[in-house]
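Asks: Quick one: sequence plus predicted model below, questions after.
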Amino acid sequence: MKTVFGFVVIGAGVYLLVLFFLYMFQERLIFLPSAGLTDTPAAAGLEYEEIYLDTEDGIRIHGWWVESEFEKPAVIFFHGNAGNISGRVSIVEAFHRLGYPVFIVDYRGYGLSEGRPSEEGLYKDADAVWKWVADKGFSADEIVVVGRSMGGAIAAYVAAKYQPAALALESTFTSIADIAAGIYPIFPVRLLARVEMPTLEFMNQFDGPVLIGHSPADEVVPYSHGRNLLDEAGDRATWFELEGGHNDGFFRSRNAWDLAYGEFLDKIRDGLKEVQ
């Protein structure tokens with residue numbers, strides 16, 4: 001009996017220790033930045049502008065602006081939770097190849113950006129990016145926000161707050177709590193979550209068209225998250241299917257990706273022409 005009681009005590013202690021770890025260190029589990037850059041758009045033969053922005057709380061963040069054939073709409077791209085923008089040159093090249101200008105930024109603590117990442121901090125970074133693009137002369141209906149993985153939550157935040165022309169979500173979760181509940185089913189992670197990133201909630205506060213892409217083979221963000229976003233978006237959503245895993249879906253789905261984004265962005269561009 002004492003042995004059983006001892007195992008129960010040890011088990012309870014381990015359980016509480018894991019709870020403490022999940023609560024205290026969740027930012028370190030979610031945000032996985034890399035410092036320094038290993039590449040630039042020049043590697044893809046692109047001319048680009050180095051941009052440094054100051055956020056409202058005094059953090060300086062870094063990004064790239066790349067012009068392209070069509071003046072409008074402009075694409076703002078928000079990347080995922082790991083690495084930095086130097087690992088996303090291919091996405092900049094892809095939007096450029098489709099003919100659209102693109103701004104890509106590193107969140108605080110990533111790449112050459114100052115500071116330390118946090119949910120509220122990333123929203124402030126996104127606010128600074130939006131202001132820069134708006135100050136460059138783009139109105140809300142001339143901007144498309146795109147997010148991949150965690151970046152989808154940031155893009156959805158921007159869409160909810162500023163109501164741009166369109167929103168695109170790739171391999172994106174409905175919320176951090178929903179992801180955590182799937183990974184740690186025996187823990188009350190919804191009660192522990194200090195980082196929320198409620199993509200679905202933000203998306204529902206946006207009134208415009210939404211492009212959603214996800215792979216059935218995504219091993220990080222389950223396919224069901226993409227389908228749930230699609231169901232919630234209803235008639236204003238366009239779906240395209242990615243192939244491969246979470247980190248190689250873009251590379252393994254280039255034809256589908258090009259077709260989906262080409263048609264999506266061209267509709268926005270054509271709508272702007274009609275207004276003019």
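Replies: Received the coordinates, thanks. Small disclaimer: the values here were computed from a predicted structure and weren't measured. Residues are numbered from 1 along each chain as shown.
Asks: show me the contacts for I212.
Replies: Contact criterion C-beta atoms under 8 Å, 6 or more residues apart in numbering gives A168, L169, E170, T172, G226, L229, L230, A233, A237, T238, W239, F240 as the residues in contact with I212. All C-beta atoms are positioned from the backbone trio N, CA, C, and that covers glycine.
Asks: so where is the stretch 51-200 of the chain shaky, pLDDT-wise?
Replies: Counting by pLDDT under 70, the stretch 51-200 of the chain shows low-confidence ranges at 186-189, 192.
Asks: need the helices for it, in chain order.
Replies: Secondary structure of the stretch 51-200 of the chain by DSSP state H, counting those that start in this stretch: the helices cover 89-98, 119-135, 150-162, 176-183, 189-192, 199-203.
Asks: Take the ones you listed and write them to a markdown table, including distance to I212.
Replies: What follows is those, written out as a markdown table (distance: least, C-beta to C-beta, whole Å):
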| stretch | distance to I212 |
| --- | --- |
| helix 89-98 | 17 |
| helix 119-135 | 19 |
| helix 150-162 | 9 |
| helix 176-183 | 16 |
| helix 189-192 | 24 |
| helix 199-203 | 9 |
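Asks: deepest of those, which one?
Replies: When neighbours are counted by mean count of other C-beta atoms under 10 Å, the highest per-stretch mean among the helices of the stretch 51-200 of the chain falls to helix 150-162, a mean of 25.
Asks: Just checking the distance from it to the centre of its chain.
Replies: Put simply, helix 150-162 sits 8 Å off its chain's centre (C-alpha atoms, centre = their mean, to the nearest Å).
Asks: List the contacts of that helix.
Replies: 30, 76-81, 107, 122-123, 125-127, 129-130, 140, 143, 145-147, 164, 167-173, 175-176, 197-199, 202-203, 205-206, 208.
Asks: can you check stretch 135-144 too?
Replies: Under the criterion C-beta under 8 Å, 6+ apart, residues 72-76, 100, 130, 133-134, 162-168, 264-265, 268, 272, 275 lie in contact with stretch 135-144.
Asks: And the residue positioned nearest the centre of the chain, how close does it get to T199?
Replies: Note on the chain: the residue nearest the mean C-alpha position is G151, at 0.9 Å, using C-alpha atoms, centre = their mean. For G151, the distance to T199 under the criterion C-beta to C-beta, to the nearest Å works out to 10 Å.
Asks: Need the residues touching each of the two.
Replies: Overlap between the neighbourhoods of G151 and T199 consists of T172, taking contacts as C-beta under 8 Å, 6+ apart.
Asks: Verify the contact between A94 and A260 for me.
Replies: No - judged on C-beta atoms under 8 Å, A94 makes no contact with A260 at a distance of 11.4 Å.
Asks: How many residues are close by N255?
Replies: Other residues within reach of N255 by the criterion other C-beta atoms under 10 Å amount to 9.
Asks: distance of it from G151?
Replies: Following C-beta to C-beta, the distance that separates N255 from G151 is 22 Å.
Asks: returning to what we had before: show me which of the contacts of I212 are buried.
Replies: For the contacts of I212, a burial check counting by 16 or more other C-beta atoms under 10 Å picks out A168, L169, E170, T172, G226, L229, L230, A233, A237, T238, F240.
Asks: in terms of contact, does the fourth one touch G147 like I think?
Replies: Yes - if you go by C-beta under 8 Å, T172 and G147 touch, sitting 6.3 Å apart.
Asks: out of the helices of the stretch 51-200 of the chain, nearest to F251?
Replies: Distances from F251 to each of those were compared by C-beta to C-beta, and the smallest falls on helix 89-98, at 7.4 Å.
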